[in-house]
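Participant: okay, here's the prediction I keep looking at, along with the sequence it came from:
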Amino acid sequence: DGGITQSPKYLFRKEGQNVTLSCEQNLNHDAMYWYRQDPGQGLRLIYYSQIVNDFQKGDIAEGYSVSREKKESFPLTVTSAQKNPTAFYLCASNPSGRQGYTFGSGTRLTVV
Amino acid sequence: AQSVTQPDIHITVSEGASLELRCNYSYGATPYLFWYVQSPGQGLQLLLKYFSGDTLVQGIKGFEAEFKRSQSSFNLRKPSVHWSDAAEYFCAVGERNTDKLIFGTGTRLQVFP
């Protein structure tokens, strides 16, 4: 079945360490997105990519980095510069604006 | 700037009762509008979407929403709520040139038997 796979589901890291969250899709979608979700704040856009080898900053890109070397993959690195990284991270893909996003099941990152 | 407001943080209804979740948006042109549902610890599932045409749109799980341009609203409705509808609901507006979605802060629905 086609879909988006995020791994791992839960991730624990020590403060000051970089960590990479995986997002893979087999839907052949061009666009991919990373959102951060915090209680009471909805979803906030971190980065997005509309084509391979190109990506754009979203509203809260500071302390994060991404790459888009393959159409299927859009990994997110949470760097030590991110001041409050503990959150639920959601990856999504989209064939075009009219379709709406398909979301992965998320990764909960806890930094201790 | 584009924005989405969901004025109700938490709504509680009895099973079998009707439901309306409010959504107001701010967007300069005709918007793309979406409703998503999220169960705890899960990703978001698309319930329905509006792009143009008929202002009353039908979605999955018996939900519908009505686009009212004069009120900048896109409220979600269901005539009879089931216990399995308990979840968090997000309204979103899509930017036509970038396909980015801007989400509201969500409404948590609790259903009592």
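Facilitator: Perfect, I can see it now.

Participant: burial count for the residue lying closest to residue A:51 once chain neighbours are set aside?
Facilitator: Nearest non-adjacent residue to residue A:51, counting by C-beta to C-beta, 6 or more residues apart in numbering or on different chains: residue A:30, 5.9 Å away. (Glycine included, C-beta is placed from N, CA and C.) Counted by other C-beta atoms under 10 Å in any protein chain shown, the residues lying close to residue A:30 total 15.

Participant: tell me the phi and psi of residue A:30?
Facilitator: phi -80, psi -40 (degrees, to the nearest 10).

Participant: buried residues of stretch B:9-16, list them for me.
Facilitator: Using 16 or more other C-beta atoms under 10 Å in any protein chain shown as the test for burial, stretch B:9-16 gives B:11, B:13.

Participant: residues contacting it, please?
Facilitator: Stretch B:9-16 has contacts (C-beta atoms under 8 Å, 6 or more residues apart in numbering or on different chains) with A:40, B:19, B:21, B:80-83, B:105-113.

Participant: please spell out the PyMOL selection for the buried subset of these.
Facilitator: The buried residues among the contacts of stretch B:9-16 can be selected in PyMOL (16+ other C-beta under 10 Å) with this line:
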select buried, chain B and resi 19+21+81+105+106+107+108+109+111
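
Participant: pick out the most distant pair among the contacts of stretch B:9-16.
Facilitator: Maximum pairwise distance in the contacts of stretch B:9-16, criterion C-beta to C-beta, is 28.8 Å, between A:40 and B:80.

Participant: picking up where we left off before, need the pLDDT of the residue nearest to residue A:51.
Facilitator: Per-residue pLDDT puts residue A:30 at 92.

Participant: any low-confidence regions in the chain?
Facilitator: Going with chain A. Low-confidence segments of chain A (pLDDT under 70): A:1, A:97-98.
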